[in-house]
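>>> fold the following, please.
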Amino acid sequence: MRPKRSLGQNFLVDPNLQRAIVRALDVQASDEVLEIGPGTGALTRHLVDLPRRLVLVELDRVLADRLAQELDGRPQVILVRGDILDTDIAALAEDISALKVIGNIPYNRTSPIVFRLLERPRPAEIVVMVQKEVGERMLAAPGSRTYGALSVGVRVVARVERVLRVRRTAFRPVPRVDSVVVRIRPFHPPRLSAAREKAVRVLTRAAFQRRRKQFQRILRDDPAYRLSRREVAEVETRSGLELTRRPETFAPEDFVRLAKMLERT
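Alright, predicted model coming up:
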């Protein structure tokens, strides 16, 4: 198959890595699994006989048709032709809180797909291969160059860990960057209410749009807040956070604490 640049297709051709990624999901016979973008079936063939139910979501119609032919006669496999960003994931699963998700995510759509997977209700576990730089941003420590909105957005709702490093030579065509496989385990039950999660997202977006400014200045200037100097001082006192610092130095839990204080302002 000739990969389609418009869909960000790079096919994983290393069978050892294919098996390692599937092993990372630790699929049990009783599990329900969702694979995003199965493509040519590189992971699917190692996965298909493991769970009791396997749902495949493939956007490329040609690849979907080929998979349909190859997997015909396997009643445990459900093939959905479409875009995962337009798909009601909860409706695909019998029990989304127990669903395991796996996929080789296109580089040009990584962040939207990750955030889509982390919308409520959330699956039990997500193992995805992403561009190395994106994986580093998910795992970045506060104050580091790669720490930002993605780091906070993912880690306020889930645990994240690196599973594998994947060199670019494992793909055809060979991309310009290396990849990494990450495991994301959403908190069950969620640690924050839906309203608090939304408040953190709004705060994070405002903060990292102006990451070089002090947080106190952001809270005074951003249209979502427009706090007075007195109100900023009150939030600083109640939260115990130094708002003269820049957003990139605030840990995910600091964003949660600050969002909570801002609700009372």
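
>>> which SS class is the residue most central in space within the chain?
The residue lying closest to the centre of the chain (Cα atoms, centre = their mean) is residue 114, at 2.5 Å. The three-state label given to residue 114 by DSSP: H, G, I helix; E, B strand; the rest coil is helix.

>>> quick one: it from residue 153, how far?
9 Å (Cβ to Cβ, to the nearest Å). Where C-beta positions appear, they are placed from N, C-alpha and C, glycine not excepted.

>>> that older thread, so which helix or strand takes in the closest residue to the residue nearest to the centre of the chain other than its chain neighbours?
What sits nearest to residue 114 in space, not counting adjacent residues and going by Cβ to Cβ, 6 or more residues apart in numbering, is residue 154, at 6.7 Å. According to DSSP states H and E, residue 154 maps onto helix 149-155.

>>> now do that helix: which elements does it pack against?
helix 110-117, helix 132-139, helix 194-209, helix 252-263 (3 or more Cβ pairs under 8 Å, 6 or more residues apart in numbering; DSSP states H and E).

>>> wait, what's in contact with the closest residue to residue 25 other than its chain neighbours?
Closest residue to residue 25 apart from its sequence neighbours, by Cβ to Cβ, 6+ apart: residue 127 at 4.7 Å. Residues near residue 127 by Cβ atoms under 8 Å, 6 or more residues apart in numbering: 21, 24, 25, 100, 101, 102, 103, 163, 181, 182, 183, 184.

>>> on that earlier part again, and the residue nearest to residue 114, how many residues sit next to it?
24 (other Cβ atoms under 10 Å).

>>> hang on, it packs against residue 111?
No - Residue 154 is beyond contact range of residue 111, at 9.5 Å (criterion: Cβ atoms under 8 Å).

>>> I'd like to know how far the residue nearest to residue 247 when sequence neighbours are not counted sits from residue 213.
Closest residue to residue 247 apart from its sequence neighbours, by Cβ to Cβ, 6+ apart: residue 207 at 3.6 Å. To residue 213, residue 207 is 9 Å away according to Cβ to Cβ.

>>> find residues that contact each of those two.
residue 247.

>>> more neighbours: which of these two?
Neighbours were counted for residue 207 and for residue 213 using other Cβ under 10 Å; residue 207 has more, 23 against 15.

>>> so the more buried one sits against residue 215, correct?
Yes - at 6.8 Å, residue 207 counts as touching residue 215 under the criterion of Cβ under 8 Å.

>>> got any residues that touch both of the two?
Joint contacts of residue 207 and residue 215 (Cβ under 8 Å, 6+ apart) are 247, 250.

>>> want to throw the helices and strands packed on helix 149-155 into TSV with mean pLDDT and distance to residue 69?
Shown next, in TSV, are these (pLDDT from 0 to 100; distance: least, Cβ to Cβ, whole Å):
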stretch	mean pLDDT	distance to residue 69
helix 110-117	94	26
helix 132-139	96	33
helix 194-209	97	42
helix 252-263	96	45
